[in-house]
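In: got a predicted structure plus its sequence, pasted below:
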Amino acid sequence: MQQLELRRNLKNHFEAENKLRAILNSTSENNLLLGKDYKVLSFNKALEETVKCLYGSELVVGQDFRAYMPQPFLDDFEGNISRALTGQTVTLEKEISLAGGFGVVSFPVFPGRKSKRGSHRRDHQQ
C-alpha cells in the first residue's frame, strides 16, 4: 500500500516538474535559478543556448554562475542577488554594445512559506 502511494506521488511530482520545464523552455527569455551561494540550481533552454553561444561552454547545475559574469557587471550582479535574497525584487537595465542592451529581473524564490531557497534571474534582450 505505501509503495503504491509512493509511486503515485513520484509520478505526480515528475508530471508537475515536466509541465514546469515545458513552460520555462518555451520562452525566449533566459531563466536561471541560483542558490544562496550563486550555484546554478536550474536553467531553461534559452539560457543554455545563450551561454553556449557567448562562452562556447555548457552551463551545468552546481556551477558558480559568477564565472559567466563579465567583470564590469559582477558587483551589480552580486549586489542584486543579495538584495533579492532579502525579499526584494530587483530590476536592472543595461545597454551594452555587444547585444544592444538587456534587462534583468532578480527576485526571491520561496519553496515553502518561510524559507528562501535562492534567487531567480530572468534576462531579456531589448
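Out: In hand now; what should we look at? Remember, it's a predicted structure, so these values are computed and weren't measured experimentally.

In: what does stretch 48-63 contact?
Out: Residues from elsewhere that reach stretch 48-63, judged by CB atoms under 8 Å, 6 or more residues apart in numbering: Asn30, Lys39, Val40, Leu41, Ser42, Phe43, Leu47, Tyr68, Asp123. To be clear about C-beta, it is placed using only N, CA and C from the backbone, and glycine gets the same treatment.

In: drop anything exposed from these.
Out: Asn30, Val40, Leu41, Ser42, Phe43, Leu47, Tyr68, Asp123 (16 or more other CB atoms under 10 Å).

In: measure the second one to Lys11 for me?
Out: Right, the one you point to is Val40. Using CB to CB, to the nearest Å, Val40 is found at 27 Å from Lys11.

In: for my notes, confirm Ser82 occurs in a strand.
Out: No. Counting by DSSP: H, G, I helix; E, B strand; the rest coil, Ser82 falls outside a strand, being helix.

In: what's the neighbour count on Leu10?
Out: 10 (other CB atoms under 10 Å).

In: from the buried ones among the contacts of stretch 48-63, which land in helices?
Out: When the buried ones among the contacts of stretch 48-63 are checked against helices (DSSP state H), the matches are Leu47.

In: now the buried ones among the contacts of stretch 48-63 in CSV, with distance to Asn18 and pLDDT?
Out: Compiled in CSV, those are given as follows (distance: CB to CB, whole Å; pLDDT from 0 to 100):
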residue, distance to Asn18, pLDDT
Asn30, 20, 85
Val40, 20, 92
Leu41, 17, 90
Ser42, 13, 89
Phe43, 16, 90
Leu47, 18, 89
Tyr68, 27, 87
Asp123, 24, 56
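
In: ok, the buried ones among the contacts of stretch 48-63 vs Thr91, which is closest?
Out: Asp123 (11.5 Å; CB to CB).
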